[in-house]
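Participant: This is a predicted model, with the sequence first.
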Amino acid sequence: MNLLTATNLAKSFGERDLFKNVSFNIDEKSKIGLIGANGVGKTTLFRVLCEEESYNGNLNRNNLLKIGYMEQIPPEDDKTDAYTYVLGIFSHLEALEERLEKIRTDIEEGRGDTENLINMQEKLNNEYIDKGGLVYKAKCRSMLLGLGFSEAEISNKLNELSGGQRTRLSLARVLLSDANLLLLDEPTNHLDIEAIIFLENFLKEYNGAFIVISHDRYFLDKVTNRTFELECEKLTQYDGNYSVFAQKKKAAFDAAVKRYDNTMREIHRIEGMIEQQKRWNREKNIKTAESKQKVIDRLEKDLEKPKSDNEKVRFKFTTTLEGGNDVMMINSLKKSYGDKKLFEDVNLLVKKNECVFVLGPNGCGKTTFYRIIKGDEVADGGTVRFGSNIECSYFDQTRLDISSGKTIIDEVWDRFPKMTQTQVRNALAAFLFKDDDVFKETDCLSGGEKARIALLCLMLKGSNYILLDEPTNHLDLASREALEDAIEEFGGTVFIISHDRYLINKLADKLFVFEDGTIREYRCTYDEYMALKDNVEKPVKEISQPKAEKINDYKMQKERERAKRMRASRIAKLEGLIAETEEKINTVSEDINNCGSDYQKLIELNSELDELNESLFGYMEEWEKLCEEEE
């Protein structure tokens, strides 16, 4: 059954087109991921589908369509508690309960026609049972617990809850509604991994359709079977989850680039023929040239240069510091708040060039652990020590430390006063702050923009040990991928608190996991860790100490992967240097040919040419060696 059909939808704000010519169908089993850069109009498209925004085009809705829309704006109420607020989605059942209670009282007290009352009671009772009256309160409680609320928090008033908790209440109400099309806007925000898994399982078993906006690639892979990408004012549809989409998009883009390049080569070839015919300048040649020009005109008419993604942030972490092999040593660390023990007997070691992830549910103590490492909080016992020549830089998603009342350029320049204005502006441009954007007030920036500035400052510091608390929270997919690439190529050590399972699988050398009142080490990726947890034959605690040979094999494999990534990066850089040097050699050679009788200048140019040729030889030699290693 088709629930909704959109035809040629378009939405503009002033002179800016958000999207146009958007058409798609949604059937009753559609599981759709809606992706795109921040600001392209994904949330606006949701509001159009709910007819909360004006639009051009057509929306054809099935009469049976019921939309459940989860917004990012949390509810505000200083009287209602969390449980009662979620129960409100079943107000029709609560109304039935009141009617049944009144009928029961009337029967007991002999008011009205008893036979009619009994018949009405039976009818309403059947309706109550059919609509889930016997289980709806239990469903509400289970939903709240599944989304990460504790028993105590369920009773809290809404104004006592954080913004993230209130957003989770909005999600709970939508999931419990009788809608057959859910529109979920960033539902995994503010959820820990356990709650995200709960949501994944719910959506896998959900009988209706949904469209979900998300930057969580692992989540999208688990729950979607179609992907809509909103980019460059148009919507493109793909069959398959995020990973399938990424492969198809790359293949389509590569094919488009190849077609474009082949067409341009053909145009240049024909242009050469035209130039030759014009030089001969006979009547027959002129006609041939005119005929060939028509061929070029036909080719150029349909020629469109492939557009890559919207501009991406260009992260690049570098360091010149050579620290010791032991980067961070944690011994007998413990921390409690009153009667609540967060962790104790924590003994961990972070080695040089490792990428370590910290995992655990919300409220387990990850942020406290991070603050102890930073020196912002004191442990109850134990020590955190850093190795020789280790310089740390920190990124804290809850405390971005962006000054108030400054422009973006001043915020960065004040932190790095030795940089020139050009250097600061170039760095900001790499993080998508260009032209007049650099003069925006920091108070007016979004969470994502502030996160980009904080990451830029961290990058410019050049430390050899970077510690990141939920670095991908405010980043779109393209920025997340750029951050991953930068961490992969980084020559230092990385320590990350994250719920981003895609990121963990791609980068982790080891995991520090909050378990049973302490923090345990696992030398594996997220998927491998979950496989260990699911292995009922061996307790997690028992297999948390892998055999030495397995540890060494895994470490060697990760080192080989890291070396391969760094080698590929160096090859690409050398190719750029070779092309640049060859261009300089050509320029100097032309200058030598044109310098005439200026003997002094000729000597200088020849000396410069010798240096360039020597550099080129060195680049070529290194390039050939690395290419051989790659093979």
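Facilitator: It's in.
Participant: What helix or strand is residue 468 located in?
Facilitator: Per DSSP states H and E, residue 468 falls inside strand 465-469.
Participant: Point out the other helices and strands that that strand packs with.
Facilitator: helix 366-374, strand 392-396, strand 493-497 (3 or more C-beta pairs under 8 Å, 6 or more residues apart in numbering; DSSP states H and E). C-beta: built from backbone N, CA, C; applies to glycine.
Participant: what's that strand in contact with?
Facilitator: Here strand 465-469 makes contact (C-beta atoms under 8 Å, 6 or more residues apart in numbering) with 317, 323, 327-328, 367, 370, 373-374, 386, 390-398, 458, 490, 492-498.
Participant: Now list the buried members of these.
Facilitator: Buried members of the contacts of strand 465-469, counted by 16 or more other C-beta atoms under 10 Å: 317, 323, 327-328, 367, 370, 373, 386, 390, 392-397, 458, 490, 492-498.
Participant: circling back to that earlier point, taking their axis directions, the next helix or strand after the strand holding residue 468 and strand 493-497 sit at what angle?
Facilitator: Once the chain leaves strand 465-469, the next helix or strand it forms, by DSSP H and E, is helix 477-489. Put simply, helix 477-489 runs at 140 degrees to strand 493-497, going by axes from the mean of the first three to the mean of the last three C-alpha atoms, to 10 degrees.
Participant: Counting by contacts, list what helix 477-489 packs against.
Facilitator: Using 3+ C-beta pairs under 8 Å, 6+ apart, the elements in contact with helix 477-489 are helix 447-461, helix 501-507, helix 548-594.
Participant: then it to CSV, C-alphas only?
Facilitator: Presented in CSV, the C-alpha positions along helix 477-489 are these (Å, rounded to 0.1, in the frame of the first residue of the first chain):
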residue,chain,number,x,y,z
LEU,A,477,28.4,12.8,7.5
ALA,A,478,31.0,14.5,5.3
SER,A,479,32.7,16.2,8.3
ARG,A,480,32.7,12.9,10.2
GLU,A,481,34.4,11.1,7.3
ALA,A,482,37.0,14.0,7.1
LEU,A,483,37.7,13.7,10.8
GLU,A,484,38.2,9.9,10.5
ASP,A,485,40.7,10.4,7.7
ALA,A,486,42.6,13.0,9.7
ILE,A,487,42.8,10.7,12.8
GLU,A,488,43.9,7.8,10.5
GLU,A,489,46.8,9.9,9.1
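Participant: who touches that helix?
Facilitator: Residues contacting helix 477-489 (C-beta under 8 Å, 6+ apart): 35, 37, 215, 217, 309-310, 312-317, 355, 448, 452, 455, 459, 471-472, 475, 494, 500, 503, 506-507, 562, 565-566, 569.
Participant: helices and strands of the chain: which one has the lowest mean pLDDT?
Facilitator: In the chain, no helix or strand scores lower on mean pLDDT, DSSP states H and E than helix 548-594, which sits at a mean of 72.
Participant: So what angle separates the directions of the following helix or strand past that helix and helix 548-594?
Facilitator: Moving toward the C-terminus from helix 548-594, the next helix or strand (DSSP H and E) is helix 599-630. Interaxial angle, helix 599-630 versus helix 548-594 (the same axes, to 10 degrees): 150 degrees.
Participant: Now find how far off-centre helix 599-630 is within its chain.
Facilitator: Mean-position distance between helix 599-630 and its chain equals 42 Å (C-alpha atoms, centre = their mean, to the nearest Å).
Participant: Repeat that for stretch 96-107.
Facilitator: With C-alpha atoms, centre = their mean, you get 52 Å for stretch 96-107.
Participant: Could you give the backbone dihedrals for the most far-flung residue of the chain relative to its centre?
Facilitator: The outermost residue of the chain relative to its centre, with distances by C-alpha atoms, centre = their mean, is residue 110 at 64.7 Å. Per-residue torsions, residue 110: phi 70, psi 30 (degrees, to the nearest 10).
Participant: And the one 3 residues further on, by the same measure?
Facilitator: Here is the backbone geometry of residue 113 (degrees, to the nearest 10): phi -80, psi 110.
Participant: From residue 457, how far off is the closest residue to residue 566 other than its chain neighbours?
Facilitator: Computed as C-beta to C-beta, 6 or more residues apart in numbering, the closest residue to residue 566 that is not its neighbour in sequence is residue 489, at 6.5 Å. Per C-beta to C-beta, to the nearest Å, residue 489 is found 19 Å from residue 457.
Participant: what about residue 316, how many residues close to it?
Facilitator: Residue 316: 13 surrounding residues under other C-beta atoms under 10 Å.
Participant: How about residue 383?
Facilitator: Around residue 383 there are 10 other residues, counting by other C-beta under 10 Å.
Participant: which residues touch it?
Facilitator: Contact analysis of residue 383 by C-beta under 8 Å, 6+ apart lists 329, 330, 331, 332, 333.
Participant: How about residue 230?
Facilitator: With C-beta under 8 Å, 6+ apart, residue 230 has these contacts: 19, 34, 35, 36, 40, 41, 42, 45.
Participant: Could I get the phi/psi values of the nearest residue to residue 325 once chain neighbours are set aside?
Facilitator: Excluding its sequence neighbours, the residue lying closest to residue 325 (C-beta to C-beta, 6+ apart) is residue 352, at 4.8 Å. Note on residue 352: backbone dihedrals following degrees, to the nearest 10 are phi -60, psi 140.
Participant: before we move on, the earlier item: give me the average confidence score over the strand holding residue 468.
Facilitator: Strand 465-469 shows a mean pLDDT of 93.
Participant: what pairs with it, and is each one parallel or antiparallel?
Facilitator: Strand 465-469 pairs in its sheet with strand 392-396 (parallel), strand 493-497 (parallel), by DSSP bridges.
Participant: and the angle for that strand with helix 447-461?
Facilitator: Compare the direction of strand 465-469 with that of helix 447-461 by the same axes, to 10 degrees and you get 170 degrees.
Participant: what's the spacing between strand 465-469 and its chain's center?
Facilitator: 17 Å.
Participant: And stretch 366-375, by the same measure?
Facilitator: 24 Å.
Participant: what does stretch 210-223 give?
Facilitator: Worked out by C-alpha atoms, centre = their mean, stretch 210-223 lies 11 Å from the chain centre.
Participant: Go ahead and name everything in contact with that stretch.
Facilitator: In contact with stretch 210-223 (C-beta under 8 Å, 6+ apart) are residues 26, 30-35, 42-43, 46, 49, 181-188, 196, 199-200, 203-204, 224, 227-228, 241-243, 472, 475-477, 480, 500-502, 505.
Participant: Show the end-to-end separation of stretch 58-65, please.
Facilitator: Using C-alpha to C-alpha, to the nearest Å, the end-to-end distance of stretch 58-65 comes out at 16 Å.
Participant: Do a quick rundown of the strands in the stretch 51-200 of the chain.
Facilitator: Taking DSSP state E, counting those that start in this stretch to define them, one finds strands in the stretch 51-200 of the chain at 56-61, 67-70, 181-185.
Participant: most neighbours per residue, which of these?
Facilitator: strand 181-185 (a mean of 23; mean count of other C-beta atoms under 10 Å).
Participant: Could you tell me which residues make contact with residue 53?
Facilitator: Contacts of residue 53 (C-beta under 8 Å, 6+ apart): 11, 44, 47.
Participant: Give me the phi and psi angles of the nearest residue to the first one once chain neighbours are set aside.
Facilitator: Beyond its immediate neighbours in the sequence, the residue positioned closest to residue 11 (C-beta to C-beta, 6+ apart) is residue 18, lying 4.7 Å away. With angles defined as degrees, to the nearest 10, residue 18 shows backbone torsions of phi -80, psi -50.
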